[in-house]
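In: with the input below, show me the fold.
(one chain, ligands or ions: 3)
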Amino acid sequence: MSDRKVRLALPSKGALGKLTMDLLANIGLKVNRPNDRQYVATIPAVPEIEVLFQRAADIFVKVHEGSADLGVTGYDVVSEEDPGDGTVITAYETLGYGKCEVVLAVPNSWIDVTSIEDLAELTLLWKAQGKPLRIVTKYKNLTKKLLFDRNITNFVLVDANGALEAAPNMGYADMISDVTSTGTTLRENNLKQVAGGNILKSQACLIANRKALQSDTALAITQQILERIEANQEAKKYTSITANVRAGSMDEVGALLTSREQLDQLTGQRGPTISKVYTNGSGSNDWYAVTVVVQQEHLFQAVQHLRQVEGQDITVSPPRYIFGPSSKSGETLLQRLKS
Ligand SMILES: Nc1ncnc2c1ncn2[C@@H]1O[C@H](COP(=O)(O)OP(=O)(O)OP(=O)(O)O)[C@@H](O)[C@H]1O
Ligand SMILES: O=P(O)(O)OC[C@H]1O[C@H](OP(=O)(O)OP(=O)(O)O)[C@H](O)[C@@H]1O
Ligand SMILES: [Mg+2]
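Out: Ligands and ions are numbered 1, 2, ... in the order given. Next comes the predicted model:
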């Protein structure tokens, strides 16, 4: 694989399509896709990457078979499709979007069925009548596992590719096992979840073909992507605030800022950064720029704190990345490659 590019499969449309493009743009890896009918694209910032657009439901298989080295898809797809042979590694589990849950849902009219235990009882009743429970789903493996774990066996799984919520009304299934996010589709189709019927929480994740990562280039690119994702997610928790403060010296500013309570919360991760502002006037007191990086929830307290030392021209900007001394996700990937 050394000569060919590193192939990154991305969702071509649907619930993950645009959000995946937004993620990559936000971490400096903007995808250049001339139009949305082209299924091959590039990331100008990393010419070694070739982007391939596929349906999210197909991306796990493409990475597993090696026709893509990396891929972004839903964790539900990974959990449903993964044969557990170690070919595919989940490099980053929580991309932060495409949040949904695979659940069992039954018609509202089944008023006595409110839990998985009730469902088990129903299947026993139906068994005596020679009638299996028909469940329509795209998630056969996940659904089977949950039901077998609850000793529920009198069921058949019905295939469908979408709009599953219509099935009980149309009569080709009795209930469904599908993803829900806001719950609107279930409600609008007179379906309800059952307690104990939550199969899997899911969000978008980055997966990789283990063998492909034996290539130094592919591994280096994957680690760069992980670093960018991780630092960008860390940065979202913080905000950077800068104010101009007039004082006799830097030390005086530092003392002013660090003399008050809530020190660690309001003066930043490592304390305030202070630099001299070169103004054209001269006088006994000079201006100093003070910068603190604080957690989002401490923004206004930090602004008040800076005002208390007569800070002016207080500007706030979101850090784009916050890199730690090393990348946790990068280290986890290397561990997984060794196991
Ligand atoms: N309503 C939703 N809210 C959040 N994430 C969702 C939602 N529906 C699906 N997803 C996530 O997006 C992934 C892709 O679903 P999507 O509906 O975009 O394509 P699909 O259902 O696989 O195929 P199709 O293109 O036929 O809809 C799912 O595997 C799941 O992880
Ligand atoms: O809980 P909600 O916010 O209503 O979202 C859940 C719905 O979203 C997806 O439908 P999609 O639009 O992908 O259609 P599909 O069923 O054909 O995949 C999923 O299949 C559910 O039907
Ligand atoms: Mg869908």
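In: got the CA coordinates for the longest helix along the chain in CSV?
Out: Scanning the chain for the helix with the most residues, using DSSP state H, yields helix 216-235. What follows is helix 216-235, C-alpha atoms only, in CSV (Å, rounded to 0.1, in the frame of the first residue of the first chain):
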residue,chain,number,x,y,z
ASP,A,216,4.1,4.2,8.3
THR,A,217,2.3,6.8,6.1
ALA,A,218,-1.2,5.5,7.0
LEU,A,219,-0.3,5.3,10.7
ALA,A,220,1.2,8.8,10.7
ILE,A,221,-1.9,10.3,9.0
THR,A,222,-4.2,8.4,11.3
GLN,A,223,-2.4,9.8,14.3
GLN,A,224,-2.5,13.3,12.9
ILE,A,225,-6.2,13.0,12.4
LEU,A,226,-6.6,11.7,16.0
GLU,A,227,-4.5,14.5,17.4
ARG,A,228,-6.5,17.1,15.6
ILE,A,229,-9.9,15.6,16.7
GLU,A,230,-8.7,15.3,20.3
ALA,A,231,-7.2,18.8,20.6
ASN,A,232,-10.3,20.3,18.9
GLN,A,233,-12.6,18.5,21.3
GLU,A,234,-10.5,19.6,24.3
ALA,A,235,-10.5,23.2,23.0
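In: after it, heading C-terminal, what element do we hit next?
Out: The element immediately downstream of helix 216-235 (helix or strand, assigned by DSSP states H and E) is strand 238-247.
In: other SSEs contacting that next one?
Out: Secondary-structure packing of strand 238-247 (3 or more C-beta pairs under 8 Å, 6 or more residues apart in numbering; DSSP states H and E): helix 250-258, strand 286-295, helix 299-308, strand 312-317. Yep, even glycine has a C-beta here, placed from its N, CA and C like the rest.
In: average model confidence for the longest helix of the chain?
Out: Helix 216-235 shows an average pLDDT of 97 in the prediction.
In: which residues touch it?
Out: 1-2, 6, 23, 26-29, 46, 48-49, 69-70, 91-92, 95-96, 206, 208, 212-213, 318-324, 327-330, 333, 337 (C-beta atoms under 8 Å, 6 or more residues apart in numbering).
In: which SS state does whichever residue of the chain sits closest to ligand 2 fall under?
Out: Relative to ligand 2, the nearest point of the chain is G162 (2.4 Å; C-beta to the nearest ligand atom). Here G162 is recorded as coil under DSSP: H, G, I helix; E, B strand; the rest coil.
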